[in-house]
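Novice: below is the sequence, then the predicted model.
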Amino acid sequence: MASFSHYNFKNKKVLIRVDFNVPLDADMNITDDTRIKASLATITKVLQEGGSAILMSHLGRPKNGPVEKYSLKHLVSPVNKLLNEAMNSSVKLVFANDCRGEEVKLKAQALQNGEVLLLENLRFYKEEESGDEAFAKELATLGDVYINDAFGTAHRAHASTAVMAKYFSQENKMFGLLMEKEVASAEKILQAAKQPFVAIIGGAKVSDKILILENLLEKATDIIIGGGMAYTFIKAKGGEIGNSLCENEKLEIAKTILNKAAASSVQIHLPIDSIIANKFAANADTQEIESEKIPAGWMGLDIGSKACHQFKEVILRSNTILWNGPMGVFEMEKFSNGTKQIAKSVAEATERGAFSLVGGGDSVAAINELGFADKVSYVSTGGGALLEYFEGKILPGIAAINSK
Ligand code: AMP
């Protein structure tokens, strides 16, 4: 694998797999351009050094060929604007109505240094997701260099995220700046965590987090479990959880995880108390109560104030912090305090020198919404990819670049 920072992109046509899978509203306006912004550093470096960029991405989940609402043409103008701002000059951005075929080939050939070609949605071809070799090869022939900067899809063995890497020599394939940062941050946690290492795992479902919990049992010193998933564990320990979220079919596995932790030196922390509600609604009546004494008809929708202190104490004595998943139904004001307090504690620990990584879906939304994104060491852009990494899986997008 080549190093992005040491590569000379002058006169090179650089194929960059970006993650432009951004949310669009009904009028096709981007509602959150974080992913585009996150890819700008890589693109601008290529252009500034005198290369040209061919951008490849997917958008949404089209199932049977082209769909108007998933066309990347909707992104042309906003991407161009962001590129112009980042380059401080007017960048020529050409759109190809397809991602394979003669027209694309001609547009790629005609591309001049400093220019950008954006290909149409890769997933308009089923060959992208099936990892078709001929499709990957066709994409590969468009450029001289391959960069994967799409950490969000690194867990997929798709044509553009993994398969096409094999058509480039070691010297001509590499991670982009975003991907480099993502991989380095994730490795810092899984492979070089300074102890004590606390993993804070929240969110709704135990079933989504079992593999990650099992893997972390071998790495972490402490695991904090909050959010809806905590109640399956509390019930597994014999607690009364009323109408709180519970996956009864996961009670056994929850017991196994608790037993495994007890047998090793990992401490699992469940919330001592909860904010309970008489219905799942923003205007519900609430009470604060011990998490294992929730009456019938009531449900735990956030961790309580004692739990906030309990978790804070663990977080502040940790040198490494991984946080995935909110502590409660943070979307509703009444149940957002737990997540906010944990964000504060993670920020405080970071200020004191701990390394903190926040990632995976809703925890990123929560930390952004609460305004703590710049107070932690790293906020990952990869949802599913990050979770699979922490489950201990080898990500095809990373392996493809690393392999000879
Ligand atoms: P996940 O995608 O698994 O990280 O779950 C995130 C979702 O879990 C958010 O939409 C939260 O509202 C929800 N959540 C967190 N805590 C609870 C809870 N105690 N009861 C129900 N849902 C919850």
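Specialist: Ah, there it is.
Novice: ok, the residue in the stretch 151-300 of the chain that the ligand sits nearest to - contacts?
Specialist: Relative to the ligand, the nearest point of the stretch 151-300 of the chain is Gly203 (2.5 Å; Cβ to the nearest ligand atom). C-beta: built from backbone N, CA, C; applies to glycine. Applying Cβ atoms under 8 Å, 6 or more residues apart in numbering to Gly203 gives the contacts Lys209, Gly227, Gly228, Met229, Asn324, Gly325, Pro326, Gly361, Asp362, Ser363.
Novice: tabulate the CA atom coordinates of stretch 27-38 in PDB.
Specialist: Taking Å, rounded to 0.1, in the frame of the first residue of the first chain, the C-alpha atoms of stretch 27-38 are listed here in PDB:
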ATOM      1  CA  ASP A  27     -36.700  18.600  -3.100                       C
ATOM      2  CA  MET A  28     -33.300  16.800  -3.400                       C
ATOM      3  CA  ASN A  29     -31.500  19.200  -1.100                       C
ATOM      4  CA  ILE A  30     -28.800  17.800   1.100                       C
ATOM      5  CA  THR A  31     -29.800  17.900   4.700                       C
ATOM      6  CA  ASP A  32     -26.500  16.900   6.200                       C
ATOM      7  CA  ASP A  33     -23.300  17.300   4.100                       C
ATOM      8  CA  THR A  34     -20.900  16.000   6.800                       C
ATOM      9  CA  ARG A  35     -19.800  13.100   4.600                       C
ATOM     10  CA  ILE A  36     -19.000  15.300   1.600                       C
ATOM     11  CA  LYS A  37     -17.000  17.700   3.800                       C
ATOM     12  CA  ALA A  38     -15.100  14.800   5.300                       C
END
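Novice: so what's the gap between it and the chain middle?
Specialist: Mean-position distance between stretch 27-38 and its chain equals 16 Å (Cα atoms, centre = their mean, to the nearest Å).
Novice: only the buried residues of that stretch, if you could.
Specialist: Neighbour counts using 16 or more other Cβ atoms under 10 Å place Ile30, Asp33, Arg35, Ile36, Ala38 of stretch 27-38 among the buried residues.
Novice: how near is the residue lying closest to the first one once chain neighbours are set aside to the ligand?
Specialist: Okay, so that is Ile30. Leaving aside its sequence neighbours, Ile30 sits nearest to Val22 (Cβ to Cβ, 6 or more residues apart in numbering; 5.0 Å). Between Val22 and the ligand the computed distance is 19 Å (Cβ to the nearest ligand atom, to the nearest Å).
Novice: that older thread, closest to Thr153 among the buried residues of stretch 27-38?
Specialist: Arg35 (10.8 Å; Cβ to Cβ).
Novice: so what does that closest one look like in phi/psi?
Specialist: Main-chain dihedrals, Arg35, degrees, to the nearest 10: phi -70, psi -40.
Novice: isn't it right up against Asn21?
Specialist: Yes: assessed by Cβ atoms under 8 Å, Arg35 is found in contact with Asn21 at 6.6 Å.
Novice: spit out the residues that contact these two alike.
Specialist: Common neighbours of Arg35 and Asn21 (Cβ under 8 Å, 6+ apart) are Gly152.
Novice: and for the residue of the stretch 1-150 of the chain found nearest the ligand, nearest residue in space, chain neighbours not counted?
Specialist: Of the residues in the stretch 1-150 of the chain, the one nearest the ligand is Pro23, at a distance of 15.8 Å by Cβ to the nearest ligand atom. Excluding the flanking residues, the one nearest Pro23 by Cβ to Cβ, 6+ apart is Thr31, at 4.8 Å.
Novice: residue contacts, the one you found?
Specialist: Contacts of Thr31 (Cβ under 8 Å, 6+ apart): Val22, Pro23, Leu24, Asp25.
Novice: who's in contact with the third one?
Specialist: Counting by Cβ under 8 Å, 6+ apart, Leu24 makes contact with Ile30, Thr31, Lys69, His74.
Novice: likewise the first one?
Specialist: Shown here is Val22, whose contacts under the criterion Cβ under 8 Å, 6+ apart are Ile30, Thr31, Asp32, Asp33, Thr34, Arg35, Ile36, Leu59, Leu75.
Novice: what two of these are the furthest from one another?
Specialist: Thr34 and Leu59 (14.7 Å).
Novice: number of residues surrounding the residue nearest to Pro295 when sequence neighbours are not counted?
Specialist: For Pro295, ignoring the flanking residues on the chain, the nearest one in space by Cβ to Cβ, 6+ apart is Gly242 at 5.4 Å. Gly242 sits with 19 neighbouring residues when counted by other Cβ atoms under 10 Å.
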